[in-house]
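Visitor: Pasting a predicted model and its sequence here:
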Amino acid sequence: MGLDIRAYKQVEHVPHAEIDEDGYPVDDDNHMKVFINDDFASRADDIKDRSIYTTGKDSFGFRAGAYSGYNRWRNELAELAGHGSAENVWSSGMTEGAFVELINFSDCEGIICPKTSAKLATDFANNEEKAKEIGGQFLERYQNWKKAFEFAAENGLVDFH
């Protein structure tokens, strides 16, 4: 088990999409059903929960890792940003600062939409030199996340699943 990520550009709501008996799109090559994580609903912008959207003009996916590995990486990201640790971000209720919207987000499911993605893409761009100093697997994951948020900043979303 682990966390997979898919980022989409230019998604559009499809209010009258053909759906199957379980409420999922019949055309799952071009449509998706989105789920907002209620604990982080503010990250979803104007996306309608459990609605059908196009899969956009382009997408990018990657494996963020096993849950434990992703959480270790997220802790390193918090350290890079000067927050001390991910635990510090969570326990302090921090709402501002580099990467806070990603560090304080589900490690298993939900979506992050354009406004938050644009902010996070800027955070990743602004801190890339620090990430390069760390290098290795941390940098590889960092670059995947950066690309995902750049995609989603273009009227898209990042889907955690």
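Guide: Sure thing, it's come through. Residues are numbered from 1 along each chain as shown.
Visitor: and the helix or strand containing E133, what does it pack onto?
Guide: Assigned by DSSP states H and E, E133 falls within helix 128-134. Packing contacts for helix 128-134, counted by 3 or more CB pairs under 8 Å, 6 or more residues apart in numbering; DSSP states H and E, involve helix 67-80, helix 136-152. Yep, even glycine has a C-beta here, placed from its N, CA and C like the rest.
Visitor: C-alpha coordinates for that helix, CSV please?
Guide: Only the C-alpha atoms of helix 128-134 are listed here, as CSV (Å, rounded to 0.1, in the frame of the first residue of the first chain):
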residue,chain,number,x,y,z
GLU,A,128,14.5,24.2,-5.4
GLU,A,129,18.2,25.1,-4.8
LYS,A,130,17.9,23.9,-1.2
ALA,A,131,16.4,20.6,-2.4
LYS,A,132,19.3,20.2,-4.9
GLU,A,133,21.7,20.5,-2.0
ILE,A,134,20.0,17.5,-0.4
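Visitor: Adding distance to G97 and mean neighbour count, write the helices and strands packed on helix 128-134 out as JSON lines.
Guide: Formatted as JSON lines, the helices and strands packed on helix 128-134 follow (distance: least, CB to CB, whole Å; neighbours: other CB atoms under 10 Å):
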{"stretch": "helix 67-80", "distance to G97": "9", "mean neighbour count": "18"}
{"stretch": "helix 136-152", "distance to G97": "16", "mean neighbour count": "19"}
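Visitor: out of those helices, which comes closest to V14?
Guide: helix 136-152 (18.1 Å; CB to CB).
Visitor: how big is the angle separating the closest one from helix 67-80?
Guide: For helix 136-152 against helix 67-80, the angle by axes from the mean of the first three to the mean of the last three CA atoms, to 10 degrees is 90 degrees.
Visitor: got the residue ranges for the helices in the chain?
Guide: Listed in chain order, the helices of the chain (DSSP state H) span 67-80, 86-92, 100-103, 114-126, 128-134, 136-152.
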